[in-house]
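Student: I need the structure of the sequence given here:
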Amino acid sequence: MIASMDINITKAGRSKIQDINLENMPFGHYFTDHMLEADFEGGEWKNIEIKPYQPFLLSPSAAVFHYGQAIFEGIKAYKNQNGEAFIFRPYDNFKRFNISAERMQMPTVPEELFIEGMRKLIDIDKNWIPQKHDHSLYIRPVMFSSDEIIGVRPSENYKFFIILSPTGPYYAAPMRIYVEEKYVRAVEGGVGYAKTSGNYAAAMYPTAQAKKQGYDQVLWMDAIEHEYVQECGTMNVFFVIGNKAMTPDLKSGTILDGVTRASVITLLKEMGYKVEERPISIHEIIDAYKAGVQVEAFGAGTAATISPIKELRYKDLVMNFDVEKWKAAPAIKTTMSEIREGLREDKYNWMWKI
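Tutor: Here you go, the predicted structure:
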């Protein structure tokens, strides 16, 4: 339930945008002038407001600190060549947010609050959307438990908020990836399909170990046999061999149902590739590589969009891929960019005008 969708709006007295160079935007370092905030209390959403970006005041006993009930989403807004602002597939993120909420025993967020609140917030801060190739406004909706009590149970009170961050490319160059065999991201029956904060916290240690060896990220494997590919860092992963494109399926509930993933699958099929969503053994990739067959490997996610993998290390085998000869990944990245920038027809209605 929602008490009222009347949003109280308090605007910042001075915009920070004049202090920031939107031509050079590292991911997640800067935030716009305003944020949206709402509280779930007494079984309904209330206190809905857009206000200047500011810290929260939270009790040390807030449940999120102790039991980790927290979920989030990643969405992007773009400006086309005419300066019009659009959000990329926000309804898909809205649906996934509430799937995560259900898994974490949290209340669902109404469409009116999530979508319309987001639209109003971005409309106020739309000058922060960089009108530059490969740049965007990153949108981060979050919900966390706010009960001021220690006790292992679902919270009765929650806070929902949305913040905005102008950003440039996530990975500036093709990635070097380490195939992780000891640590796992998710197990069947767990929370791998939910975009919950704990999934990312658990990934930090093995990722740090890989970076010590000079790698950008890890390729997660299944938790039982450590043979079947899962995700690449914080992204879904694709492999293209000949006319066949492969990505892990969603049946086991161990990977995220990515919005960019779904978009890539659509475009691959449109380009004439045979797309297979199924378990993918790392040995299938190794066999193709050793046979001299061209392999395209890339990550797909909201933050990174399309990120080529130039090197994949499995045990003592280092597979180097000739990114310059690829066809599928560059074509997908170009197509998605052109749709977002209004240079190509949006025949799938992915862009939602603000």
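
Student: Tell me how the chain divides into domains.
Tutor: With domains defined by automatic domain parsing, the chain comprises 8-167, 175-340.

Student: Turn those into CSV, columns for distance to residue 351 and mean pLDDT.
Tutor: Every residue, glycine included, has its C-beta placed from N, CA and C. As requested, those are exported to CSV (distance: least, C-beta to C-beta, whole Å; pLDDT from 0 to 100):
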stretch, distance to residue 351, mean pLDDT
domain 8-167, 4, 95
domain 175-340, 7, 96
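
Student: Which among those domains is found nearest to residue 350?
Tutor: Comparing the domains of the chain by their distance to residue 350 (C-beta to C-beta), the top pick is domain 8-167, with 5.1 Å.

Student: Quickly note the distance from the residue nearest to residue 179 when sequence neighbours are not counted to residue 178.
Tutor: Closest residue to residue 179 apart from its sequence neighbours, by C-beta to C-beta, 6 or more residues apart in numbering: residue 314 at 4.2 Å. From residue 314 across to residue 178, the span is 9 Å (C-beta to C-beta, to the nearest Å).

Student: In stretch 302-321, which residues are buried?
Tutor: For stretch 302-321, a neighbour-count test (16 or more other C-beta atoms under 10 Å) marks 302-314, 319, 321 as buried.

Student: I'd like to know which of those residues are part of strands.
Tutor: 305-314, 319 (DSSP state E).

Student: now, among those, which is nearest to residue 252?
Tutor: For these, the nearest to residue 252 is residue 314 (21.1 Å; C-beta to C-beta).

Student: Can you say which two of the ones in strands among the buried residues of stretch 302-321 are spatially most distant?
Tutor: Taking C-beta to C-beta, the two most distant members of those are 305 and 314; they sit 25.3 Å apart.

Student: how about the strands of the stretch 201-350 of the chain, start to end?
Tutor: For the stretch 201-350 of the chain, the strands defined by DSSP state E, counting those that start in this stretch cover 217-221, 229-232, 236-241, 244-247, 274-277, 295-301, 305-314, 317-320.

Student: Who are the contact partners of residue 281?
Tutor: Contacts for residue 281 (C-beta atoms under 8 Å, 6 or more residues apart in numbering) come out as 227-229.

Student: Residue 66 - how many residues pack around it?
Tutor: By the measure other C-beta atoms under 10 Å, the count of residues near residue 66 is 15.

Student: now residue 75
Tutor: Residue 75 has 25 neighbours, counted by other C-beta under 10 Å.

Student: Excluding chain neighbours, give the residue nearest to it in space.
Tutor: residue 139 (4.0 Å).

Student: Run through the residues that contact residue 81.
Tutor: Residue 81 makes contact with 341-343, according to C-beta under 8 Å, 6+ apart.

Student: Now restrict these to buried residues only.
Tutor: Among those, those buried by neighbour count (16+ other C-beta under 10 Å) are 341-342.

Student: Rebuild the contacts of residue 81 as CSV, extending it with distance to residue 18.
Tutor: Conversion of those to CSV gives the following (distance: C-beta to C-beta, whole Å):
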residue, distance to residue 18
341, 25
342, 27
343, 29
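
Student: Now do the helices in the chain.
Tutor: Counting by DSSP state H, the chain has helices at residues 63-67, 90-103, 111, 117-124, 197-212, 259-270, 282-290, 328-340.

Student: buried sites along the fourth one?
Tutor: Of the residues in helix 117-124, those buried under the neighbour-count criterion (16+ other C-beta under 10 Å) are 117-122, 124.

Student: Show me what that helix is packed against.
Tutor: Applying 3 or more C-beta pairs under 8 Å, 6 or more residues apart in numbering; DSSP states H and E, we find helix 117-124 packed against strand 34-41, strand 44-52, strand 85-88, strand 136-145, strand 158-167.

Student: Need the contact partners of the shortest one.
Tutor: Strand 85-88 is contacted by residues 75-80, 118-119, 122-123, 126, 129, 139, 259, 340, 350-354 when judged by C-beta under 8 Å, 6+ apart.

Student: Any idea how far that strand is from the middle of the chain?
Tutor: Strand 85-88 sits 16 Å away from the centroid of its parent chain (C-alpha atoms, centre = their mean, to the nearest Å).

Student: Strand partners (parallel or antiparallel) of that strand?
Tutor: Here strand 85-88 has these sheet partners by DSSP bridges: strand 75-79 (antiparallel), strand 351-353 (antiparallel).

Student: which of those strands sits most buried?
Tutor: Highest mean neighbour count among the strands paired with strand 85-88 (mean count of other C-beta atoms under 10 Å): strand 75-79, with a mean of 23.

Student: CA atoms only: put it into CSV for me.
Tutor: C-alpha atoms of strand 75-79 as CSV (Å, rounded to 0.1, in the frame of the first residue of the first chain):
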residue,chain,number,x,y,z
ILE,A,75,19.6,1.7,-14.1
LYS,A,76,20.8,4.3,-16.6
ALA,A,77,19.4,7.4,-18.2
TYR,A,78,20.7,8.9,-21.4
LYS,A,79,20.3,11.9,-23.6
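
Student: got the angle between that strand and helix 328-340?
Tutor: Strand 75-79 and helix 328-340 are oriented at 60 degrees to each other (axes from the mean of the first three to the mean of the last three C-alpha atoms, to 10 degrees).

Student: I would like the residues contacting strand 75-79, please.
Tutor: In contact with strand 75-79 (C-beta under 8 Å, 6+ apart) are residues 85-90, 93, 118, 122, 126, 129-131, 136-141, 164, 302, 340-341, 351, 354.

Student: Please pick the buried ones from the residues you listed.
Tutor: Burial by neighbour count, 16+ other C-beta under 10 Å: within those this picks out 85-90, 93, 118, 122, 126, 129-130, 136-141, 164, 302, 340-341, 351, 354.
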